[in-house]
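Chemist: Just need the structure, nothing else, for what follows:
(one chain, ligands or ions: 2)
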Amino acid sequence: MWALAGGAGRDRLVGVARTKRDGALAGVVAAGVAIGVAELVAVLTGPRTAPLVAVGGWVVDHVPEAGKELAIRWFGTYDKVALLVGTSVLLAAFAAVIGVLAARWRWVGYAGLGLFTAIGVGAALTRHDVGPTAALPSLVGGVVGMFALTWLLAERSRVSVDSGAAEEEAHGRRRFLRGVGLASVVGLAAGVGGRWLSVLLSVSDAREKVVLPAAGDPGATAPVEANLNVPGLSPYVTSNRSFYRIDTALVVPRVDPANWKLRIHGRVDNPMTLTWEQLLARPMIERYVTLSCVSNPVGGDLIGNARWQGVLLKDLLLEAAPQAGADQVVSRSVDGFTAGSPTAALLDGRDAMIAVGMNGSPLPIDHGFPARLVVPGLYGYVSATKWLAELELTSFADFDAYWIPRGWAREAPIKTQSRIDTPSHGREVAAGTVVVAGVAWAQRRGISTVEVRVDGGAWQKATLAATVSIDTWRQWRWEWQATPGTYKLQVRASDNAGTPQVEQTTPPIPDGATGYHTVKVTVA
Ligand SMILES: Nc1nc2c(c(=O)[nH]1)N[C@H]1C(S)=C(S)[C@@H](COP(=O)(O)O)O[C@H]1N2
Ligand SMILES: [Mo]
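Modeler: Ligands and ions are numbered 1, 2, ... in the order given. Presented below is the predicted three-dimensional model:
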């Protein structure tokens, strides 16, 4: 049909195709200008109010658990990048369609951009702790985007496909493409400039200026014997750079310690508010604590051990004086995330703390600067609130924290687990003595034994490294006299009460995975 169309008919078809292409281009560029301008405005109103991030954040909070698990399975810890890229691609596709339609019916363009603006405004306004100004980035971006679309399509309509004057048409197209180029540059400059400015104005300077006082009670430092120095084995202390990161924040909250406050309120006799200076002036401890994520699959790496410095939570809570029945402490972050911990666990003498330091430096921004909770023995989602803003005494009957309505358990003590770090799954090793090594943890109970077995044979005792306390993981190693073949290695740990880890395989949801870490290796 296309091939058969000749002469004027063919010209018309080419003209229609061009109109569509130019319309799509105008739509995408106008949407880009809108997003870019919105980023620039968000420098003033906060990065969480920029439309892509706001919509992404809304999706994170509302996507069903199954969808989230799929995203993590597909993209791992890049799930957030994937979400932002996916949102952008979808947006571009819609903008192209709107542009095509707008080339014919201008009102469709305005209606489409208006719809996007409304979605951006709506998502931004649902973000935690934002005022009405959160609507501004999308509003301003939307209006500027409409101007851009109007202008581009006006330039476009000077290109008359029916004019017949080839020279005039070429001239018109050049005007249109120049307009597209100019608008793209403006949009890109606004977007990149906006991001750049918000990083510039961010709190990394404030963090660099923080000098933590030395902890009055620094605890023991890890002995060299805590590290077995086996190649491929996780070090006893995880560096800040390689520490896993899990949170719902699409842009990391930037909190200036100068404006930071911690409110302790709810069912307490003495509600109180602490400033950063007041927090730092209090007695401090420093302790190694192994943090674990409930979503960690058996053998996974959502776990790390750091030396945390902070203020004992117990002292603060006792000062605030919880009332009878206040069996839950809800910690809330500046971005609205909540975790609910049993009040009893925070008062039972464990080193639950408001941490300000991690491995000798102020908390990294990704890990909760300026202050977060660290509670030995509880999974992160029920205890380890980063970018901490308040502690509210309430009861489990009265309030469900962030992950509870999403299917996770109200209470979640960390389960005894062990992991084989080397040899890793699928590896080929040389016959002879093979060092099998890994880590095991049972925070609050301590690790007493680790055993390894080959192909379901008898359990063999591994050698344990030294440790500092029952609140951290322990390295282990076992020497295997390996002969050629393909084998299945398994590990299990027991806590200090002699209770072995659960053998039955269960998924992370609702309160932590169980089962033996199993690694297949080939000996050659
Ligand atoms: N503000 C905030 N704090 C949070 C979370 C979050 O989503 N937002 N996630 C929690 C979870 S699920 C875990 S496992 C730990 C992880 O801490 P890390 O990122 O420092 O390793 O942070 C906890 N604190
Ligand atoms: Mo977690």
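Chemist: can you give me how far the strand or helix carrying Val192 is from the chain middle?
Modeler: Assigned by DSSP states H and E, Val192 belongs to helix 166-200. Centroid separation for helix 166-200 versus its chain: 33 Å, with C-alpha atoms, centre = their mean, to the nearest Å.
Chemist: Buried residues, the helix or strand that it is followed by. List them.
Modeler: Using DSSP H and E, the helix or strand that follows helix 166-200 in sequence is helix 204-209. For helix 204-209, a neighbour-count test (16 or more other C-beta atoms under 10 Å) marks Ala206, Arg207 as buried. C-beta here means a position set from N, CA and C on the backbone, and glycine is covered the same way.
Chemist: Can you tell me the strand partners of the very next helix or strand once past helix 204-209 and which way each runs?
Modeler: Where DSSP H and E defines the elements, the next helix or strand beyond helix 204-209 is strand 261-266. Strand 261-266 sits in its sheet next to strand 272-275 (antiparallel), strand 388-394 (parallel), going by DSSP bridges.
Chemist: per-residue confidence averaged over the first one?
Modeler: Strand 272-275 shows a mean pLDDT of 98 in the predicted model.
Chemist: Show me how far it is from its chain's centre.
Modeler: Relative to its chain's centre, strand 272-275 lies at 28 Å (C-alpha atoms, centre = their mean).
Chemist: Now that strand: buried residues?
Modeler: Neighbour-count burial for strand 272-275 flags Leu274 (criterion: 16+ other C-beta under 10 Å).
Chemist: Quick one: name whatever helix or strand follows that strand.
Modeler: Scanning forward in sequence from strand 272-275 by DSSP H and E, the next helix or strand is helix 276-280.
Chemist: contact partners of that next one?
Modeler: Outside of helix 276-280, the residues within contact range by C-beta atoms under 8 Å, 6 or more residues apart in numbering are Leu212, Pro213, Pro257, Ala258, Trp260, Leu262, Val311, Ile354, Val356, Pro370, Ala371.
Chemist: Report the buried members of those residues.
Modeler: Counted by 16+ other C-beta under 10 Å, the contacts of helix 276-280 give Leu212, Pro257, Trp260, Leu262, Val311, Ile354, Val356, Pro370, Ala371 as buried.
Chemist: could I get the residues you listed as JSON lines with distance to Trp276?
Modeler: Formatted as JSON lines, these follow (distance: C-beta to C-beta, whole Å):
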{"residue": "Leu212", "distance to Trp276": "11"}
{"residue": "Pro257", "distance to Trp276": "4"}
{"residue": "Trp260", "distance to Trp276": "5"}
{"residue": "Leu262", "distance to Trp276": "9"}
{"residue": "Val311", "distance to Trp276": "12"}
{"residue": "Ile354", "distance to Trp276": "11"}
{"residue": "Val356", "distance to Trp276": "9"}
{"residue": "Pro370", "distance to Trp276": "6"}
{"residue": "Ala371", "distance to Trp276": "8"}
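Chemist: In terms of pLDDT, where does the residue nearest in space to the middle of the chain sit?
Modeler: Centroid-nearest residue in the chain, with C-alpha atoms, centre = their mean: Asp247, separated by 3.7 Å. In this model, Asp247 is scored at 93, pLDDT.
Chemist: Can you pull the phi/psi pair for the closest residue to it other than its chain neighbours?
Modeler: In this structure, Asp247 finds its nearest non-sequential neighbour in Lys386, 6.2 Å apart by C-beta to C-beta, 6 or more residues apart in numbering. Main-chain torsions, Lys386, degrees, to the nearest 10: phi -100, psi 160.
Chemist: Quick check: the closest residue to ligand 2 within the stretch 151-300 of the chain vs ligand 1, distance?
Modeler: The stretch 151-300 of the chain approaches ligand 2 most closely through Cys293 (3.3 Å), counting by C-beta to the ion. Noted for Cys293: a distance of 3 Å to ligand 1, by C-beta to the nearest ligand atom, to the nearest Å.
Chemist: Turn the buried ones among the contacts of helix 276-280 into a markdown table, including pLDDT and distance to ligand 2.
Modeler: Listed next are the buried ones among the contacts of helix 276-280 as a markdown table, based on pLDDT from 0 to 100; distance: C-beta to the ion, whole Å:
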| residue | pLDDT | distance to ligand 2 |
| --- | --- | --- |
| Leu212 | 96 | 26 |
| Pro257 | 94 | 25 |
| Trp260 | 96 | 23 |
| Leu262 | 98 | 22 |
| Val311 | 98 | 23 |
| Ile354 | 98 | 19 |
| Val356 | 98 | 21 |
| Pro370 | 97 | 21 |
| Ala371 | 98 | 18 |
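Chemist: Which pair of those spans the longest distance?
Modeler: Farthest-apart pair in the buried ones among the contacts of helix 276-280 is Leu212 and Leu262; separation 16.3 Å (C-beta to C-beta).
Chemist: number of nearby residues for Gly310?
Modeler: Gly310: 27 surrounding residues under other C-beta atoms under 10 Å.
Chemist: Thr506 too?
Modeler: 14.
Chemist: contacting residues around it?
Modeler: Ala513, Thr514, Gly515.
Chemist: Settle this for me: the last one is touching Pro507, isn't it.
Modeler: No - counting by C-beta atoms under 8 Å, Gly515 stays clear of Pro507, with 9.3 Å between them.
Chemist: Mind checking which of the two has more residues around it?
Modeler: Counted by other C-beta under 10 Å, Gly515 and Pro507 do not tie: Gly515 has more neighbours, with 18 against 13.
Chemist: pretty sure the residue nearest to the centre of the chain contacts Gly336?
Modeler: No - with contact defined as C-beta under 8 Å, Asp247 does not count as touching Gly336 (11.6 Å).
Chemist: Wasn't Val329 part of a strand?
Modeler: Yes - counting by DSSP: H, G, I helix; E, B strand; the rest coil, Val329 is found in a strand.
Chemist: give the contact list for it.
Modeler: Shown in contact with Val329 (C-beta under 8 Å, 6+ apart): Leu317, Gly340, Ser341, Pro342, Thr343, Leu346, Leu391, Glu392, Leu393, Thr394.
Chemist: name the element the third one belongs to?
Modeler: Following DSSP H and E, the helix or strand that holds Ser341 is strand 338-342.
Chemist: got a list of contacts for that strand?
Modeler: Counting by C-beta under 8 Å, 6+ apart, 327-332, 352, 373, 375, 378, 380-385, 396, 399-402, 404, 410-411 sit against strand 338-342.
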